[in-house]
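# Need a 3D model of the sequence below.
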Amino acid sequence: MSYAEQHDPGKRLAGLVIVMAFHVVLIYALVEGLARKIVEVALSPLETKILEEVKPPPDKPPPPPPPRLVAPPPPFIPMPDVQLQVAPTGPTISAVTRVKPEAPVPPPARPAPVKAHVPVRVAAVVKAESCEKPAYPAASIRANETGIVLLNFLIDVDGTVLESKIDRTSGHRRLDEAARSGLAYCKFKPSTLDGKPERTWARIEYEWKLD
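Below is the predicted model:
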């Protein structure tokens, strides 16, 4: 079973009439009001005013250029009036003589520099050939002793040996002493200083060997 809403046709028609009447009244009011305003505007006097042309302001002249700054001239300073007083010169007196002037004495000559004396030294000449060969000790021969001994000795101004000592031994005392004794039979060329003989120390080696 369906339910449907029932409408009254008389009420619906009355509503439509009311709406149409309202629109007619509204349109009439609008037409009457607008027509009256248009007539009032048409009947009102028109006012006209003559407006003067507005002229643009005249152009301003350009500003003047800035003044040039010129340095003032230097102050004038007058030169002082200076007067120089010159002492008067008297008459020149010249002496006349017949005496011949003496020649100037030259300064004394400087002495020549003295060269320092350098002494000249000549070493002694030591040669084994100038010595007599000492005898080979008999005990050293039996013991088959050999070696080289270095002797240091003092040579006198006449070339003879004043004293001696052993710098390096041969390893055998008998051979060292025999070599020292053999220096007594030697004569060497002594050392000289500026040509004059002098005492000096020298060295010599002596070799002991069996033939």
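# Helix or strand next in line after the helix or strand of the chain with the lowest mean pLDDT, which one?
When each helix and strand of the chain is scored by mean pLDDT, DSSP states H and E, helix 9-43 comes last, with a mean of 70. Following helix 9-43 in sequence order, the next helix or strand is strand 121-122 (DSSP states H and E).
# where does the chain have low pLDDT?
Within the chain, the stretches with pLDDT under 70 are 1-11, 29, 31-59, 66-67, 69-73, 75-76, 78-101, 103.
# 90 - rerun?
Applying pLDDT under 90 to the chain picks out residues 1-119, 121, 123-135, 182, 184-187, 195, 206, 210-211.
# Just give the closest residue to residue 183, not the sequence neighbours.
Among residues not flanking residue 183 along the chain, residue 161 sits closest, at 4.6 Å (CB to CB, 6 or more residues apart in numbering). The C-beta positions use only the backbone N, C-alpha and C, and glycine is treated the same way.
# what's around the one you found, how many residues?
Neighbours of residue 161 under the rule other CB atoms under 10 Å: 21.
# next one: the one 10 residues further on
Applying other CB under 10 Å, we find 13 other residues in the vicinity of residue 171.
# for the one 3 residues further on, same thing?
Using other CB under 10 Å, residue 174 has 16 neighbouring residues.
# where does it fall, phi/psi-wise?
Torsion angles at residue 174 (phi, psi; degrees, to the nearest 10) stand at phi -60, psi -40.
# How about the contacts made by it?
Residue 174 is in contact with 137, 139, 140, 145, counting by CB atoms under 8 Å, 6 or more residues apart in numbering.
# host element of residue 149?
In the assignment (DSSP H and E), residue 149 maps to strand 147-155.
# dump the residue contacts of the residue nearest to residue 183.
Applying CB under 8 Å, 6+ apart, we find residue 161 in contact with 153, 154, 155, 183, 184, 186, 188.
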